[in-house]
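>>> Below: sequence and its predicted model.
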Amino acid sequence: MSNYVVLNIEFEYQGQQQVISPVLIQDAADTILVDCGYPDFLPKIEEAANRHHISVASITKLILTHHDMDHMGSLAALKRAYPQLTVIAHELEAPYIAGQRKSLRLEQVESTWGELRAEDKPHVEQLMLLLQSNEPAAVDQTVRHQERLPLCSGIEIIHTPGHMPGHMSLYLPASKTLIAGDAVVIQEGGLAIANPEFTLDLEEAVRSVRRLLDYNIEHLICYHGGLYQGNVKQALRALLQAYDS
């Protein structure tokens, strides 16, 4: 029996309908939220949790897969509303989440400024302002690769860099479930690397996908795409073949 629920949150962004899929993991002692959406998404998270008869006030821990705005944007608001939350992240991501270091995504966008056409600069300037507005908050607990959290029947940390250097995925051995974050996404029914053009190290991202094959995964949850329907190992191998060929 699974001890998690997928919160599929639908919204409009830049004129397009989109969906993100944070996850709630539960046992008798803890309710854990994995990733928390864009800024101002707290009402959407509360509404999605309520559909599963779960109160956000019951959440004890928030695990962040990495510091991109769509994953940590509502962190500060959640912490203000529910100060009991323990915030957990990979040790390499913690300084960015806490605002001690500049967002790598912001640095990436800024690095393109000198190459942009004049007509493209207003849009990119808006993006930079949006990234700069991402409110940081302290990380209470840092983790590293293969660390196993004694929560909810066990949560194993898998360091899956590439998209971000400190990106991590979570493996739930009891249900053979992988919460992938942005290590992979679902596109047209198959698996893909998340936004290859924005992935900071594509070769590292592919190596991270290969690392996932070491795990007995029957269920795969992607932040962009939700619960994968199909043979997970077969889909991961097909993705790797696309990059190996």
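Received it, and whenever you're ready, just let me know what you need.

>>> Need the outlier residue of this structure, farthest from its centre.
Relative to the centre of the chain, and counting by Cα atoms, centre = their mean, the farthest-placed residue is residue 118 at 32.9 Å.

>>> how about the most centrally placed residue in the chain, phi and psi?
Ranked by distance to the mean C-alpha position of the chain (Cα atoms, centre = their mean), the top residue is residue 181 at 3.6 Å. Note on residue 181: backbone dihedrals following degrees, to the nearest 10 are phi 60, psi -130.

>>> which residues pair with it across the strands?
For residue 181, the beta-bridge partners are residue 222 (DSSP bridges).

>>> try residue 156
residue 148, residue 171.

>>> Do I have it right that residue 232 meets residue 222?
No - using Cβ atoms under 8 Å as the test, residue 232 is too far from residue 222 to be in contact (10.7 Å). To be clear about C-beta, it is placed using only N, CA and C from the backbone, and glycine gets the same treatment.

>>> who are the neighbours in contact with the residue nearest to the centre of the chain?
34, 35, 65, 66, 71, 160, 163, 167, 168, 169, 170, 223 (Cβ atoms under 8 Å, 6 or more residues apart in numbering).

>>> Apply 7 Å and report the result again.
Residue 181 sits next to 35, 65, 66, 167, 168, 169, 223 when contact means Cβ atoms under 7 Å, 6 or more residues apart in numbering.

>>> Help me confirm that residue 4 comes into contact with residue 27.
No - if you go by Cβ atoms under 7 Å, residue 4 and residue 27 don't touch, sitting 10.3 Å apart.

>>> Could you report the pLDDT at residue 15?
The score at residue 15 is 82. That number is its pLDDT.

>>> oh sorry, the question was meant for residue 12
89.

>>> Measure how buried it is and give me the count.
8 (other Cβ atoms under 10 Å).

>>> And residue 141, by the same measure?
Residues near residue 141, counting by other Cβ under 10 Å: 13.

>>> Residue 179 too?
Close neighbours of residue 179, defined as other Cβ under 10 Å, add up to 27.

>>> Kindly report the same for residue 186.
22.

>>> try residue 166
Residue 166, neighbours per other Cβ under 10 Å, totals 24.

>>> Provide the secondary structure category for it.
coil (DSSP: H, G, I helix; E, B strand; the rest coil).

>>> could you measure it against residue 64, distance?
Going from residue 166 to residue 64 by Cβ to Cβ, to the nearest Å gives 10 Å.

>>> Over to residue 228?
21 Å.

>>> ok, back up a step: same drill for residue 4 and residue 27, tell me which one is more crowded.
Between residue 4 and residue 27, counted using other Cβ under 10 Å, residue 4 has the larger neighbour count: 21 against 12.

>>> thought residue 217 was touching residue 232?
Yes - with contact defined as Cβ under 7 Å, residue 217 and residue 232 form a contacting pair (4.7 Å).

>>> Appreciated, that's everything.
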